[in-house]
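S.K.: sequence-free structure coming up:
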């Protein structure tokens, strides 16, 4: 059987299972067949949130050569929210919130386009600063939120005891 036919059959099975709410059992793991729908719905919500932030800030860094603060803000806030929520969610809830909503909210593709735009505008220095700031601030936000979230839960449990 050709790879295209195998892919078509697997995709058809997956779509059918999503509609039926079954699980897909594979050699490595079992996957809830509703997950793609959950991710898609969450992604729409997250992308609309990102679009709203961009509209509220009303910055067009691509045409001005300015630092894309709006995308940096969205990505750092999104990373913090992932760090805060991911350790406490499981199953389809985690898939919906972390992969769907927050994955749709944060945007690596916009970062890549904006880095390219800055470089083409002769601002390679700003592009490099943007990449470094995005990675460092994003990772720091996720780690601090995750750490703070975990210690907050411990402190709350100790207070209840």
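M.R.: Arrived safely. Owing to the predicted nature of the structure, the values given are computational and were not obtained by experimental measurement. Residues are numbered from 1 along each chain as shown.

S.K.: For the closest residue to residue 121 other than its chain neighbours, give me its contacts.
M.R.: Ranked by C-beta to C-beta, 6 or more residues apart in numbering and with sequence neighbours excluded, the top spatial neighbour of residue 121 is residue 65, at 3.9 Å. Quick note: C-beta positions are derived from backbone N, CA and C, even for glycine. Applying C-beta atoms under 8 Å, 6 or more residues apart in numbering to residue 65 gives the contacts 117-118, 121-123, 126.

S.K.: so which of those comes closest to residue 132?
M.R.: Nearest to residue 132 among these is residue 126, at 10.8 Å by C-beta to C-beta.

S.K.: what's the domain layout of the protein?
M.R.: 1-33, 35-160 (automatic domain parsing).

S.K.: that older thread, got the contacts of residue 65 as a markdown table, with neighbour count, pLDDT and distance to residue 90 columns?
M.R.: What follows is the contacts of residue 65, written out as a markdown table (neighbours: other C-beta atoms under 10 Å; pLDDT from 0 to 100; distance: C-beta to C-beta, whole Å):
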| residue | neighbour count | pLDDT | distance to residue 90 |
| --- | --- | --- | --- |
| 117 | 18 | 90 | 39 |
| 118 | 24 | 92 | 40 |
| 121 | 16 | 90 | 45 |
| 122 | 10 | 91 | 48 |
| 123 | 18 | 92 | 43 |
| 126 | 19 | 94 | 41 |
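
S.K.: what would those residues look like in JSON lines with secondary structure?
M.R.: Shown next, in JSON lines, are the contacts of residue 65 (DSSP: H, G, I helix; E, B strand; the rest coil):
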{"residue": "117", "secondary structure": "helix"}
{"residue": "118", "secondary structure": "helix"}
{"residue": "121", "secondary structure": "coil"}
{"residue": "122", "secondary structure": "coil"}
{"residue": "123", "secondary structure": "coil"}
{"residue": "126", "secondary structure": "helix"}
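
S.K.: Buried ones in stretch 100-116, by neighbour count?
M.R.: 100-107, 110-111, 114-115 (16 or more other C-beta atoms under 10 Å).

S.K.: And residue 91, how far from residue 31?
M.R.: Distance, residue 91 to residue 31, using C-beta to C-beta, to the nearest Å: 11 Å.
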